[in-house]
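K.L.:
predicted model, plus sequence, below.
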2 protein chains.
Amino acid sequence: MSALPQAHEAASSTPDIRIDRAALIAELSRVLPEDCLIADPGRLRAYECDGLMLVREMPLAVALPTTEAQVVAVLRTCHRLGVPVVPRGAGTGLSGGATPHKQGIVLSTARLNRIVSVDRLAQQAVVQPGVRNLAVSEAAAPYGLYYAPDPSSQIACSIGGNVAENSGGVHCLKYGLTVHNVLRVRMVNMAGEVMEIGSAAPDSAGYDLLAVTIGSEGLLGVVTEVTVKLVPKPRVARCVLAAFADIRKAGQAVADVIAAGIIPAGLEMMDQATTAAVEQFVHAGYPLDAAAILLCESDGTEEEVQDEIARVRVLLEAAGATEIRISSDEAERLRFWAGRKAAFPAAGRIAPDYYCMDGTIPRQRLADMLEAMETMAKKYDLGLLNVFHAGDGNLHPLILFDSNDPDSVRRAEAFGVDILELSVELGGTITGEHGVGLEKINQMCSQFGADELDMFHRVKAAFDPAGLMNPGKAVPTLHRCAEMGRMHVHHGELPHPDLPRF
Amino acid sequence: MSALPQAHEAASSTPDIRIDRAALIAELSRVLPEDCLIADPGRLRAYECDGLMLVREMPLAVALPTTEAQVVAVLRTCHRLGVPVVPRGAGTGLSGGATPHKQGIVLSTARLNRIVSVDRLAQQAVVQPGVRNLAVSEAAAPYGLYYAPDPSSQIACSIGGNVAENSGGVHCLKYGLTVHNVLRVRMVNMAGEVMEIGSAAPDSAGYDLLAVTIGSEGLLGVVTEVTVKLVPKPRVARCVLAAFADIRKAGQAVADVIAAGIIPAGLEMMDQATTAAVEQFVHAGYPLDAAAILLCESDGTEEEVQDEIARVRVLLEAAGATEIRISSDEAERLRFWAGRKAAFPAAGRIAPDYYCMDGTIPRQRLADMLEAMETMAKKYDLGLLNVFHAGDGNLHPLILFDSNDPDSVRRAEAFGVDILELSVELGGTITGEHGVGLEKINQMCSQFGADELDMFHRVKAAFDPAGLMNPGKAVPTLHRCAEMGRMHVHHGELPHPDLPRF
């Protein structure tokens, strides 16, 4: 299966330049120690893709700076020479945000990996971008604190990448996305200017540029330091497992819990196809006769958890739950979650390929969305596993298909487009936490109008007038969208024949 | 006492244009009904200032559109003619964000005052910008919901103004500032383009421009519709009043409460001078022998409130509280708050003039800041009332002075500069919730460096390349800051002799 041709083209087509590779490497050698610059093709291969593995490109070189001063020097050099720069964190991103540019370099933040400080009283940590997400919580653990956002890749992914993608996770329902847990970043723009954005104080004068930089997918600058909020570890955590005979009732139960003013620490849903797939794999003890199950976690003090679980139970029963179990100890709580965490690998065992979507919808529309996707699955005659952050309305439907069967690919493609377009129609977005990158750049044309995209380009130009920072990602050109207009006429037939797999 | 000359000049000096007033009014008459356009000088006078009453300017006209289409038409007209536009909400802002431009018009959102919808299940309301803050909560009350941000002007101020200033309030410690409670805005930029910014879904693709627009002080566009979050009314609210013999201990107690992971619904501090001033005025029953008192409110279920208050009490006692009272009923809770709410009028009774500052510092530095301000008060031989959102680190020190005594004015001025500069030095900001506007535009030069200010100007240009939307406010020119550089050399002597009073 070849790479996404349209996306691929986008990654390397802007701007149109010809670089003298030898001259570039000579210039970079003057500002970086020898072991911080990779130019050897064999070693470059490790950087040819991120988690969007079907799109691969060889960069001209990889810079691995160890100090902010080196980041500045690399960016100034590339800015002067007109060389595109693709920032890269741990390379676990799923949407191709770190896919190299063939006329550019990759700037990896992996070696900026120092925990600068952990402040127990202020409940903040200052870390460099290459620090792994989980390492922040490990450093804070002696003080009874942790860093809340928990993407499923948290063992490997780094804070810099989390900032670039505004990463989420199971606990973001209660504790917020990356944008809600970062107070300040230091960032170097393409011209090599260092900016402090945000403040350790609650508010900040001037335009609030922090939220713009968080989730900007490496298009605005390279982050060199991040001040994150830490939160106290809850004293108690307990998980409720609820079974439903009808997926619509499960969707309604999620809306009911949130509408009652309860914000669980996590609120996840799996449908019957998913529980069947994972049960063979991890033996979590899920009720296999249920059309859907919900996992609802409560954390806090013993009193808070008891009170919240009692209220949740009443609502789940009223919504028609056929069975409710509450974890009696930590081992049972972890067993309830084991199946959820194994859902993606389990999908890989029951179908040759799956395509993971990331649309997010207002959660009161969950039941409608789930019913619509059931109908779509029948229409396209494809398997579908539903496993997702229900409380956030962030869907991760897994479309099962066979990449060796062109008709199956075509149907999966059309199914995916239907899901994304319905997400937008229901007032939602095409991506909840995986980013746009190269993968969903075409769908940005459905999500936004010309004025809005133009506004994005103008904001980009405010940070990077030369357009050299991660070009071709996240925000499509208006020209591209005009071409995509034709896609909507021929509904369901994408101009590119291939789809990414995860 | 005349207006702030520097600020005043800023308001009218950019851009340098000469408008034919009669031609402008004729053009506006073509796009607005007669009763939506004010050109009569007598009626214009009502718009010559906002809450920064010492700075007054007559606009060329005032537009009072009743529909978004009229907003678009007015902006297109002014854009075409090169006429500056100053957006205005309810006119309660304290920093001069709505001070007119003498070569421009005021665009008031007062008549865009419809509550479009209240969605109980989604816990959201869609409102026009002219809806008063409190009216949103009143509309949501039948569903047991309310809108959390509660500026002290909430009876009068409107949602559009709250968005422009990113307004706070007593309950923002727990429930967040405006930026944390707004999901989406519709905004019209200077060119008359309508943009939807943000999403009712938890996250949104593309750059997150919502936080940039919230708190942008009317420099980026005119908001025509706002989707706000509603939250369930807490079942119980109770207030703890704690007395301290030492203001440093009170500051430390605030840091201790927050460091313990407790987020009270409100956490306010008043010093002895303030309690003495308000007690004569409202008879709240405050302990007058205390150097400082804290008001700490807890809300939630009965169990949550009991648990939280028990934990708070232990911490306050450990920090050295000499007396702790807990409100036993709603009447007592309101009495505890009555003094806090009367602090500003009380200051007006004990001194000819007062100057209210709005610096915000990381809250673990509160004790240092309070001690430093005590020393400054002695140095400048001026009265000082400290009353503020302690939990947020948002200070509202009231410097007492006499505007008829030039030496008192000079000392108050220098005192204010010292406070703002120390706020920045301690890692804080010059404004917590009142905005920069005209009032603090000079202090922006202390807060930000040239690269950062340049970045702000580039972001402004992305939204408003012609620079016609509220020119001269919030972000100083680099030229202005270069001039201000001289202020720092002659420490404490501002180049302008007059200060705003509130």
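P.N.:
Received it, and whenever you're ready, just let me know what you need. Residues are numbered from 1 along each chain as shown, chains lettered A, B, ... in the order given.

K.L.:
quick check, stretch A:305-322 touching chain B?
P.N.:
Yes: for stretch A:305-322, a contact with chain B is found by Cβ under 8 Å from any Cβ of the partner chain, at A:Asp307. All C-beta spots, glycine's among them, are computed from the backbone N, C-alpha and C.

K.L.:
again with stretch A:173-191
P.N.:
Yes: counting by Cβ under 8 Å from any Cβ, chain B has neighbours in stretch A:173-191: A:177, A:179, A:189.

K.L.:
wasn't the second one part of a helix?
P.N.:
Yep, that's A:Val179 we're talking about. Yes: with DSSP: H, G, I helix; E, B strand; the rest coil as the criterion, A:Val179 is part of a helix.

K.L.:
please, which helix or strand holds the closest residue to A:Glu371 other than its chain neighbours?
P.N.:
Leaving out its chain neighbours, the residue that sits closest to A:Glu371 by Cβ to Cβ, 6 or more residues apart in numbering or on different chains is A:Arg248, at 5.7 Å. In this structure, A:Arg248 sits in helix A:247-259 according to DSSP states H and E.

K.L.:
shouldn't the residue nearest to A:Glu371 be in contact with A:Met373?
P.N.:
No: contact criterion Cβ atoms under 8 Å: A:Arg248 and A:Met373 do not qualify, at 11.5 Å.

K.L.:
please say which of these two ends up with more neighbours.
P.N.:
Set A:Arg248 next to A:Met373 and count neighbours by other Cβ atoms under 10 Å in any protein chain shown: A:Met373 wins out with 22 against 17.

K.L.:
residue contacts, that one?
P.N.:
If you count contacts by Cβ atoms under 8 Å, 6 or more residues apart in numbering or on different chains, A:Met373 has them with A:384, A:386, A:397, A:419.

K.L.:
SS state for it?
P.N.:
Under three-state DSSP, A:Met373 comes out as helix.

K.L.:
what pLDDT does the model give it?
P.N.:
Reported pLDDT at A:Met373 in the predicted model: 93.

K.L.:
before we move on, back to that, now flag whichever of the residues of stretch A:173-191 next to chain B is closest to A:Glu330.
P.N.:
A:Leu177 (26.7 Å; Cβ to Cβ).

K.L.:
residues contacting the residue lying closest to the closest one once chain neighbours are set aside?
P.N.:
Excluding its sequence neighbours, the residue lying closest to A:Leu177 (Cβ to Cβ, 6+ apart) is A:Gly168, at 5.0 Å. Contact partners of A:Gly168, counting by Cβ under 8 Å, 6+ apart, are A:149, A:151, A:177-178, A:389, A:392, A:394, A:432-433, B:203.

K.L.:
could you rerun that using 10 Å?
P.N.:
A:149-152, A:162, A:175-179, A:358, A:360, A:389, A:392, A:394, A:432-434, B:202-203 (Cβ atoms under 10 Å, 6 or more residues apart in numbering or on different chains).

K.L.:
mind checking how far it is from A:Lys174?
P.N.:
12 Å (Cβ to Cβ, to the nearest Å).

K.L.:
for A:His457, which non-adjacent residue is closest in space?
P.N.:
Using Cβ to Cβ, 6+ apart, the closest residue to A:His457 is A:Val475 (6.5 Å).
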